[in-house]
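K.L.:
When you get a sec, could you give me coordinates for this:
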Amino acid sequence: MNFDLAEKEKVNSKYLYLSSMVMQFFAFEAYLNYTGVVIADDVWAREREFFSREPFRGTLGKHVFLAKLLLLDKPNFTRGNGQTLKLLNEIRDTAAHGKLNGGSKRVKVKPGYPVLYTPSELERKTTKKYAERGLKVVECVAEEIQQEAISLYPDKNIVGAAFGSLMGFEITDV
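P.N.:
I've put the predicted structure just below:
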């Protein structure tokens with residue numbers, strides 16, 4: 001997650017932010033899976049079946065399930081941290097499945113003036129602001145889950161921070 005690389009690569013920075021945001025979501029899902037196996041191994045033993053239906057569908061459904069199990073507020077995916085997690089999920093899905101957003105737009109062009117470039121929806125969402133927010137939110141939400149799991153399941157030997165030093169790793173040799 002070296003945002004310094006993206007600052008040096010102004011033209012291609014969106015690709016660095018995109019990869020960062022996808023990896024943030026992968027890390028979040030991996031954390032949910034790890035915690036789920038530890039505190040609800042019976043559910044995670046049938047993960048594919050259980051998390052393929054509402055209200056616990058997909059990775060965000062895993063978050064909803066763990067929040068319920070840990071007596072946390074139900075995540076609200078329309079604002080705040082939940083909205084950021086939903087954005088990371090959408091970016092991951094777009095990157096993984098390659099869904100293109102199409103459409104048309106009517107513009108007036110004056111002779112001698114170029115047509116202005118219109119960035120895609122994905123390009124508008126893969127920015128430094130969203131990448132930095134994504135990192136903070138993933139760390140914050142995972143840590144909230146971690147602390148509740150430690151509190152409610154002392155017999156499971158859950159210790160330390162959710163990610164430890166993992167999320168602080170920086171690529172310094174390019």
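K.L.:
Which parts of this structure are helices?
P.N.:
3-8, 13-39, 41-44, 47-50, 58-69, 80-97, 121-125, 128-152 (DSSP state H).
K.L.:
could you give the angle of the longest one to helix 128-152?
P.N.:
Orientation note: helix 13-39 sits at an angle of 10 degrees relative to helix 128-152 (axes from the mean of the first three to the mean of the last three Cα atoms, to 10 degrees).
K.L.:
what comes up buried for helix 13-39?
P.N.:
13-14, 16-18, 20-25, 27-29, 31-32, 35-36, 39 (16 or more other Cβ atoms under 10 Å). The way it works is simple: take the backbone N, C-alpha and C, and place the C-beta from them, glycine included.
K.L.:
and what of stretch 113-129?
P.N.:
L122, K125, T126, T127.
K.L.:
Stretch 134-143 now?
P.N.:
For stretch 134-143, burial by neighbour count (16+ other Cβ under 10 Å) applies to G134, L135, V137, V138, E139, V141, A142.
K.L.:
need these in JSON lines with distance to R57, can you?
P.N.:
Output for those, formatted as JSON lines (distance: Cβ to Cβ, whole Å):
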{"residue": "G134", "distance to R57": "21"}
{"residue": "L135", "distance to R57": "25"}
{"residue": "V137", "distance to R57": "20"}
{"residue": "V138", "distance to R57": "20"}
{"residue": "E139", "distance to R57": "24"}
{"residue": "V141", "distance to R57": "18"}
{"residue": "A142", "distance to R57": "20"}
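K.L.:
about what we covered before: can you add distance to G112 and pLDDT and give the buried residues of stretch 113-129 back as JSON lines?
P.N.:
Listed next are those as JSON lines, based on distance: Cβ to Cβ, whole Å; pLDDT from 0 to 100:
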{"residue": "L122", "distance to G112": "31", "pLDDT": "84"}
{"residue": "K125", "distance to G112": "33", "pLDDT": "90"}
{"residue": "T126", "distance to G112": "33", "pLDDT": "90"}
{"residue": "T127", "distance to G112": "32", "pLDDT": "90"}
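K.L.:
ok, so of those, who is nearest T59?
P.N.:
K125 (17.4 Å; Cβ to Cβ).
K.L.:
Could I get the contacting residues of that closest one?
P.N.:
Shown in contact with K125 (Cβ atoms under 8 Å, 6 or more residues apart in numbering): L87, E90, I91.
K.L.:
what does M21 give?
P.N.:
By Cβ under 8 Å, 6+ apart, the contact list for M21 reads L88, I91, R92, T126, Y130, A131, G134.
K.L.:
do you know how far the spatially closest residue to the first one that is not a sequence neighbour is from Y117?
P.N.:
Closest residue to L88 apart from its sequence neighbours, by Cβ to Cβ, 6 or more residues apart in numbering: F25 at 4.1 Å. When distances are taken as Cβ to Cβ, to the nearest Å, F25 and Y117 turn out to be 28 Å apart.
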